[in-house]
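**Student:** Here is a sequence together with a model predicted from it:
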Amino acid sequence: MNSDITIAEAPPGIEGQGYFATLLEKTIGLARANSIWPLPFATSCCGIEFMATMASNYDLARFGSERMSFSPRQADLLIVAGTIAKKMGPILKQVYLQMAEPRWVLSVGACASSGGIFDTYSVLQGIDHVIPVDVYVPGCPPRPEQIIDGIMKIQELVKHESLRRRNSPEYKALLSSYGIQ
Ligand code: SF4
């Protein structure tokens, strides 16, 4: 039977009869990257594009990410899609803080990334004013293909992240620049 399913490549390692040796870091990265649990923080139109990304045409389940988490404690990817009012900034930060490490952030669309067309007193001019962002997806709104591309870029980060990164002085300095201990 023909199938379009491609199998994820095993991390580089040494093979022999009955054994396969690789780095624990690479195995953990591969497992994490293909089982990301997203938490959608969708506030406006970009959220609709994200819903399309989840639905059957684009089917995020192909990436192991069909399990939406509406509890920050059971999520490792915060997807911010939509306009974020300044009043909402502390709530977004609180959601981020409730997520366990390792956690990643995808900023979807112009509003989340830079305030978009809403250059006004009430709109946060980019979520990176309150939390660190790993990948930005441009567009107003971005198409589902772009959101998928953003998620694939997150997967690359996850796959290649060192297990020591979260304890590194650079990461701690990044968090402390946001007032996070
Ligand atoms: S970037 Fe455009 S589509 Fe997305 S939330 Fe803002 S106004 Fe809506």
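**Tutor:** Received the coordinates, thanks. Numbering: from 1, shown residues only.

**Student:** C-alpha only now, for contacts and for neighbours.
**Tutor:** Will do.

**Student:** Val123: neighbouring residues, count only.
**Tutor:** A total of 21 residues lie near Val123 under the criterion other C-alpha atoms under 10 Å.

**Student:** which one is it nearest to, not counting chain neighbours?
**Tutor:** In this structure, Val123 finds its nearest non-sequential neighbour in Ala85, 4.2 Å apart by C-alpha to C-alpha, 6 or more residues apart in numbering.

**Student:** give me the number of residues near that neighbour?
**Tutor:** 21.

**Student:** go on, Asn2?
**Tutor:** Summarising burial for Asn2: neighbours were counted as other C-alpha under 10 Å, giving 4.

**Student:** which stretch of helix or strand covers it?
**Tutor:** For Asn2, there is no host helix or strand (DSSP states H and E).

**Student:** ok, it to the ligand distance?
**Tutor:** Look at Asn2 and the ligand: by C-alpha to the nearest ligand atom, to the nearest Å, they are 38 Å apart.

**Student:** before we move on, back to that, run through the residues that contact the residue nearest to Val123.
**Tutor:** Going by C-alpha atoms under 8 Å, 6 or more residues apart in numbering, Ala85 touches Ser122, Val123, Leu124.

**Student:** Quick check: phi and psi at it.
**Tutor:** phi -70, psi 150 (degrees, to the nearest 10).

**Student:** need the residues of the chain near the ligand, please.
**Tutor:** Along the chain, the residues adjacent to the ligand under the rule C-alpha under 6 Å from any ligand atom are Ser44, Cys45, Cys46, Gly82, Thr83, Gly109, Ala110, Cys111, Gly116, Cys140, Pro141.

**Student:** So which of those sit within helices?
**Tutor:** Taking DSSP state H as the definition of helices, these contribute Cys45, Cys46, Gly109, Ala110, Cys111.

**Student:** rewinding a little: with respect to the ligand, which of the contacts of Ala85 is nearest?
**Tutor:** Within the set of those, Val123 lies nearest the ligand; the separation is 10.8 Å, counting by C-alpha to the nearest ligand atom.

**Student:** what's the helix or strand for Phe41?
**Tutor:** In the assignment (DSSP H and E), Phe41 maps to strand 38-42.

**Student:** meant to ask about Glu15, not that
**Tutor:** For Glu15, the host element (DSSP H and E) is strand 14-16.

**Student:** which other residues reach that strand?
**Tutor:** Under C-alpha under 8 Å, 6+ apart, the answer for strand 14-16 is Phe20, Ala21, Thr22.
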